[in-house]
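Participant: Sequence below, structure please.
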Amino acid sequence: MHIHKFLLMTTACLALAGSALAAPGTDLARQRAIAARVEIVRDDWGIAHVHGKSDSDAVFGMVYAQAEDDFNRVETNYLTALGRTAEAPVALGGGEKAVWQDLRMKLFVDPADLQARYAASPPWLKALMAAWADGLNFYVATHPTTKPKVITNFEPWMALSFTEGSIGGDVERISLGELEAFYGKPVALAETRAREVADAMAFKEPTGSNGIAIAPSITQDGHALLLINPHTSFFFRSELQMTSDAGLNAYGAATWGQFFIYQGFNAHAGWMHTSSTVDVVDEFAETIQKKDGKLVYRYGTEERPVTAATVEVPYRTANGLLAKKTFTTYRTHHGPIVRAQDGKWIAFAMMYRPVEALQQSYLRTKTSDYASFLKVAELKGNSSNNTLFADDKGEIAYLHPQFIPQRDDRFDYTKPVDGADPATDWNGLHTLSEAPHMKTPPNGWLMNTNNWPYSMAGPYSPKQADFPRYMDTVGETPRGVHATLVLSGRKDFTLPGLIAAAYDPYLTAFAELIPTLAKAYDATPDGDPTKARLAAQMAALKGWDYRWSATSTETSLAVFWGEALWAKSAAEAKKQGISAYKAMAEATPAQKLAALAEASDRLTADFGDWRTPWGQINRFQRNDGAIVQTFDDAKPSIPVPFASAQWGSLASFGAKRYPGTKRYYGTSGNSFVAAVEFGPRVKAMAVSAGGESGDPASPHFADQVPRYAGGDLREVYFYPDQLAGHTERRYRPGETR
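Facilitator: Residues are numbered from 1 along each chain as shown. Take a look at the predicted model:
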């Protein structure tokens, strides 16, 4: 079936409520009529199970429920997406300091353009966008104590500004410092670049996710399994279920404010997105000249005019007044100019297909098997996500992102290419079959951990030589090695077995690096004073099994050593163009021992003994509903046994010290974790970091913390009979307790 026929059939099956097509706004009577067709059931974890007569009714209810749980995060996401963060009060994250962030978004997002795209959208999609705006406006109207920072009225077209649920969009690759240097303060350029180089070399938690799909051939019960394990900043997504009489029934993680389940499952199929290493964002170095008083750029034998536009960025002043900055921005056919380098202006090219992206994000939640999922993927509205898929037919699959520009592989697109050379231009998009992909391989498993796609199925993986270089820019990673280890050779997977694999404590990076430290130690002369004082530390590390635990003192020592050696090796890695891990392995014996001495001294200084258990250091703390938490060693926190993904931990916990703390506090990594079995009835287990609510007064603000830290997933109530006996409240939007 061709994609347009599939979309027509999907459109026909969406029971569109006529009122959803009406103009949105403050018509409370109309919105109350929609609310009367919606039911929200809160289970005993506070998770919303939303049902509507139509899909648009379900959208109304699910976004209303999200606003109940954390309206601040909903609005904040749309302030970011619309380039309006600076309009918020300074004390709430707005003000002049956010102007450059907003300008970056406004280089792409123009309200007039989005309004035109909304007007031209398919009727079924317009209905969902209208319902989305109605749901948020109804929440604001019925909750007078909720005070929006900026957006007092949501309009349907605004949904097109935020269409893909990843934590950071492609636009965030534009350097704010370089943007400011180009459009604002050129004198700050050297300082900006020095700061960004230092930041690039600093130790930081990898972002991304884990996805694993298991075929029935290697499971005990003959059912496909799927691991859904996004690694994001904590509290970035809402766990919920949305159903309708029109066939919608999706459960999983929705990014705050969006009206689709981003990573989740329905009664027949499941989908997990991981951040891809494909190169789909490029920079073009433009040769700019002034001719007859106008700016032109060279393109082949042509001289084309540079397009100039005036962009206004409002911002809130310290005294609460609204001011604005006005910029003249520039673009070529490659994209907007975002910085200058070596006498050239740099144009930035990325995917901008908001209507296709929103359609794809929503429609995949209603697919029932791989064939229908693939048809939706033909919309090519996904540029940044690999996808792991499984269904109740026993199919498993891996898809690379669908928006991948075709390019001349002679050029290195990881660096700016010559915009004057037509051969560097994008030349349409690759077909899905031209990118790395796979369906149900003989080994019975597929995985991605933000590593390259060439180990997705062990020895059955696609071959790197068969694809352009730009299909991957990272290579293998410690988590990729780890996933291969826990999946290979297994024929007995169960749902608990998949969860156990997801929390396997082996740290593959240290399994590679610690032996090089031991070799360096053994090669150091016995009379060396550093060697003498590190004897006990080396004995502990030599005897370690490279597994994290809350009681492990070796994990603490290894992590502190790894961080210290990373700092000593990062500059050399950048200079040689190699990974930091390789640079660490190749560091001199003196550097490796010095890093161990530094780690030992810091542990002793901060915690009294280098033999400090990891759980005393590595902590989870949630003090309030702020998006950026302030941590305090004097306040309650709980130990977390798993470690950073940097060291190969599949269960990732990105933690570090903060101003005034000695303990490490996590802010990212495992956030929502779910494992799903696709039998005659879907069976799923899940856990979310902290809890469902952003309100510290709610019982669901931190009720999942012990389960989160222990990897103790709870039952998902997917079917109504599972909800029986586990219901806290049943109500319609707008009803008070």
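Participant: so where does L227 fall, helix or strand?
Facilitator: In this structure, L227 sits in strand 224-233 according to DSSP states H and E.
Participant: cool, and L513?
Facilitator: L513 belongs to helix 508-523, assigned by DSSP H and E.
Participant: residues of stretch 360-372 that come out buried?
Facilitator: By 16 or more other C-beta atoms under 10 Å, the buried positions in stretch 360-372 come out as Q360, S361, Y362, L363, R364, T365, K366, T367, Y370, S372. Just so you know, the C-beta spots here come from the backbone N, C-alpha and C atoms, and that holds for glycine as well.
Participant: between those, which is closest to P422?
Facilitator: Nearest to P422, judged by C-beta to C-beta, of the buried residues of stretch 360-372 is Q360 at 30.4 Å.
Participant: State the separation between the helix or strand hosting the closest one and the centre of the chain it belongs to.
Facilitator: If you go by DSSP H and E, Q360 is part of helix 354-363. For helix 354-363, the gap between its own C-alpha mean and the chain's C-alpha mean amounts to 17 Å (C-alpha atoms, centre = their mean, to the nearest Å).
Participant: Now do it: which elements does it pack against?
Facilitator: For helix 354-363, the elements it packs on are helix 3-13, helix 111-119, helix 123-142, helix 370-377, judged by 3 or more C-beta pairs under 8 Å, 6 or more residues apart in numbering; DSSP states H and E.
Participant: which stretch in these is the model least sure about?
Facilitator: Least confident of those, judged by mean pLDDT, is helix 3-13 with a mean of 43.
Participant: Following the chain onward from that one, which element is next?
Facilitator: Next along from helix 3-13, by DSSP H and E: helix 28-35.
Participant: and that next one, average pLDDT?
Facilitator: pLDDT averaged over helix 28-35 gives 96.
Participant: Give me the next element, helix or strand, following that helix.
Facilitator: That would be, after helix 28-35 and using DSSP H and E, strand 38-43.
Participant: Tell me the strands beside that next one, with direction?
Facilitator: Its sheet considered, strand 38-43 pairs with strand 48-52 (antiparallel), strand 727-731 (antiparallel) by DSSP bridges.
Participant: quick one: which of the ones you listed is nearest F678?
Facilitator: Using C-beta to C-beta, those put strand 48-52 closest to F678, at 19.8 Å.
Participant: Grab the CA positions of the closest one and hand them over as PDB.
Facilitator: Presented in PDB, the C-alpha positions along strand 48-52 are these (Å, rounded to 0.1, in the frame of the first residue of the first chain):
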ATOM      1  CA  ALA A  48      -3.000   9.300  33.700                       C
ATOM      2  CA  HIS A  49      -5.000   6.900  31.600                       C
ATOM      3  CA  VAL A  50      -7.000   9.200  29.200                       C
ATOM      4  CA  HIS A  51      -9.900   8.100  27.100                       C
ATOM      5  CA  GLY A  52     -11.800  10.200  24.500                       C
END
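Participant: packing partners for whichever strand or helix holds A583?
Facilitator: Using DSSP H and E, A583 sits in helix 580-585. Identification of packing neighbours for helix 580-585 by 3+ C-beta pairs under 8 Å, 6+ apart yields helix 508-523, helix 553-576.
Participant: Generate TSV for the ones you listed, with distance to L495, mean neighbour count and mean pLDDT as supplementary columns.
Facilitator: Below are these laid out as TSV (distance: least, C-beta to C-beta, whole Å; neighbours: other C-beta atoms under 10 Å; pLDDT from 0 to 100):
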stretch	distance to L495	mean neighbour count	mean pLDDT
helix 508-523	25	19	97
helix 553-576	28	21	93
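Participant: most neighbours per residue, which of the strands paired with strand 38-43?
Facilitator: Per residue and on average, the most neighbours among those fall to strand 48-52, with a mean of 24 (mean count of other C-beta atoms under 10 Å).
Participant: contact partners of it?
Facilitator: 37-43, 58-62, 65-66, 68-69, 238, 240-245, 692, 717, 723 (C-beta atoms under 8 Å, 6 or more residues apart in numbering).
Participant: that older thread, ok, which of the helices and strands packed on helix 580-585 comes nearest R732?
Facilitator: Using C-beta to C-beta, the helices and strands packed on helix 580-585 put helix 553-576 closest to R732, at 49.5 Å.
Participant: Next, report how far that closest one is displaced from the centre of its chain.
Facilitator: On C-alpha atoms, centre = their mean, the centre of helix 553-576 falls 25 Å from the chain's centre.
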